[in-house]
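# Sequence plus predicted model, see below.
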Amino acid sequence: MVGGSGLPTAQAGRIKSPAQVLPQILLFFATLTSASGCIYFNSYYNANQLFEQGLRDIEEGRESTGRSTLAASIEKAEGIVAANPDSRWADDAVRIIVRARLLREEWEEVVSMSHELLRYAETRRDTAEVAGYLGIAQRHLSDPAAADSLLLFALSEEEDDERRAILLHNRALAQARLGRFDGAYTDLLYVSRLRPAWVQPRIDRVGLLVNYGRGADAALELGAIWPLRLTDAEEQAVVEAVQHIAQTSPEVAFQALDGVETSSLSRENRARLVASRGDLHRARGEIEEARADYELAARVAPESRPGADARLMAAQLTLASATTVGELAATRKDLEQLMQRRVGRITDIMRLWDTLVRVEYWVDLGGLAYLLAGEAARDALGAPGLARTLFLRYADEEPESVWAPKALLAVLELTALDSATRAEESEPDWEDLRLRLWIDYPDSPYVLAILNERPSDGLTYEELELGLRRQLARLETLADEEVMARRTAISR
């Protein structure tokens, strides 16, 4: 099966799902008048009944059953044509085959059988009907030029507004593929006038505007969708459109997401899009705004996957700015709630919770455990301010330790990277730390290693590190035992 929305975008280039394609075809069939008259011929009657049942199944969401029933209707109709291709029922049987193939999105077969149906056309209107079928199929077969011509002819004879909207939408997407912005945009606007509640053409206008550099207009178009009542399929299409635009045109997506939290979307999709706005804030370096959006998304749909993921993102941002151990408890408790609900990225949630438990355990132990806590804060939590606090605490409490210079060097590195990581304004700045190292620890193997020198006597830098890791290994084991005990307590 081949498909695509016709817009020159990543989203438009992918295969359309039945949720996007079928509503168009269903409506197209629902408004067609049968040309069969009274039905007396039993085989045709059975084929038509199967088609109608398959159509109802798909309309009601039973796609697999509907496709099977449509296949049965095709088989019945093909039998009629094979038995007597010149009978009074043959053209109606071929029409059933074409329409069933359209619903099954079998585009090449639609083309083949449409040419067969054309043999039975007696009027210009009959021919235009077939051109409509062919035009829809050719658009999905990536032949926009043929689709454009066929759909133009079909529109010349079509008077029903609902069917005109379907044909115009397909022609607009064909024109977009051909690079005809004005024609595509005009057709999409006309579609919305004919069918104001139809969302897909609005989404297609957004993609068209983005691709032609009209970001502000695209944001307005997308924002106008938020108050509308959407079906599940339409909501999914809107979410996918926003996520695509956020990747390719983040500023447009940022504008469009203004007010999405009060939209008519489901709580889960509102949470998903509010979190997407948080991602955009974070990419712009607006950390507080990003955290506010993540927390809002978590409140909008706390029991959903998007809400849980947003809560995790908020926790990570909170930790990134933490400077004291006391700030960890609230985040740990939030993660415990997510663990108990078993919702969201549970593996990431548990990994972060494990790290918080270890850090708190090591801080309670003190001494060398401060080094482990500092490393975990820096490397696993992404909390440079907290890491700086913990390394300084060890250096201040154990100034005679051979590993005190190691702690100061870690603080010095963090301070050089970002002065905002200081726990308090009164703490020493980069130059103070540097002087403290050179004055208090000139013979430290750690300091000498920086200068590419080796100590004249005593342990080398490598030997000190090996001894430290041996001592820290026991503390890591004890922390792992603490984590397991706490997990057991939570699961009860």
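Structure received. Just so it is clear, the model here is predicted, and its values are computed rather than measured.
# Isn't residue 455 up against residue 445?
Yes. Assessed by C-beta atoms under 8 Å, residue 455 is found in contact with residue 445 at 5.2 Å. Every residue, glycine included, has its C-beta placed from N, CA and C.
# Looking at these two, which one has more neighbours?
Taking neighbours as other C-beta atoms under 10 Å, residue 455 and residue 445 compare with residue 445 leading, 21 against 16.
# ok, and the closest non-adjacent residue to the more buried one?
residue 461 (4.2 Å; C-beta to C-beta, 6 or more residues apart in numbering).
# Hmm, residue 447 and that neighbour touching each other?
No. Counting by C-beta under 8 Å, residue 461 does not reach residue 447; the two are 9.3 Å apart.
# returning to that earlier point: in contact with the residue nearest to residue 445, which residues are there?
Residues near residue 461 by C-beta atoms under 8 Å, 6 or more residues apart in numbering: 445-446, 448-449.
# Quickly name whichever of the residues you listed is closest to residue 367.
residue 446 (18.2 Å; C-beta to C-beta).
# For residue 459, see how far away the closest one is.
Noted for residue 446: a distance of 11 Å to residue 459, by C-beta to C-beta, to the nearest Å.
# what about those two, which has more around it?
residue 446 (19 against 13).
# Do I have it right that the more buried one meets residue 464?
Yes. Look at residue 446 against residue 464 with C-beta under 8 Å: they come within range, at 7.2 Å.
# which neighbours do the two share?
Counting by C-beta under 8 Å, 6+ apart, the contacts common to residue 446 and residue 464 are residue 406.
# Tell me how far residue 154 lies from residue 170.
9 Å.
# cool, and residue 98?
Taking C-beta to C-beta, one finds residue 98 at 15 Å from residue 170.
# more neighbours, these two?
Relative neighbour count places residue 170 above the other of residue 98 and residue 170, with 29 against 25, counting by other C-beta under 10 Å.
# From what I see, that one and residue 137 are in contact.
No. Look at residue 170 against residue 137 with C-beta under 8 Å: they stay out of range, at 9.7 Å.
# what residues are shared contacts of those two?
Shared contacts of residue 170 and residue 137, defined by C-beta under 8 Å, 6+ apart, are absent.
# Specify the local secondary structure of residue 88.
When classified by DSSP: H, G, I helix; E, B strand; the rest coil, residue 88 comes out as coil.
# Can you add distance to residue 384, pLDDT and secondary structure and give the contacts of residue 461 back as CSV?
Putting these into CSV (distance: C-beta to C-beta, whole Å; pLDDT from 0 to 100; DSSP: H, G, I helix; E, B strand; the rest coil) gives the following:
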residue, distance to residue 384, pLDDT, secondary structure
445, 25, 87, helix
446, 20, 86, helix
448, 26, 86, helix
449, 23, 84, helix
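# What is the nearest of those to residue 264?
Of all the contacts of residue 461, residue 264 sits closest to residue 446, with 61.1 Å by C-beta to C-beta.
# Where does the prediction get shaky in the protein?
Applying pLDDT under 70 to the chain flags the ranges 1-41, 416-428, 492.
# Quick one: distance of stretch 107-123 to the chain centre.
Relative to its parent chain, stretch 107-123 has a centroid offset of 40 Å by C-alpha atoms, centre = their mean, to the nearest Å.
# Pull out the buried positions in it.
Using 16 or more other C-beta atoms under 10 Å as the test for burial, stretch 107-123 gives 107, 109-111, 113-114, 116-118, 120.
# which residues are contacting it?
Residues from elsewhere that reach stretch 107-123 (C-beta under 8 Å, 6+ apart): 1-3, 81, 90-91, 94-95, 97-98, 101-102, 126-127, 129-130, 133-134, 136-138, 140-141.
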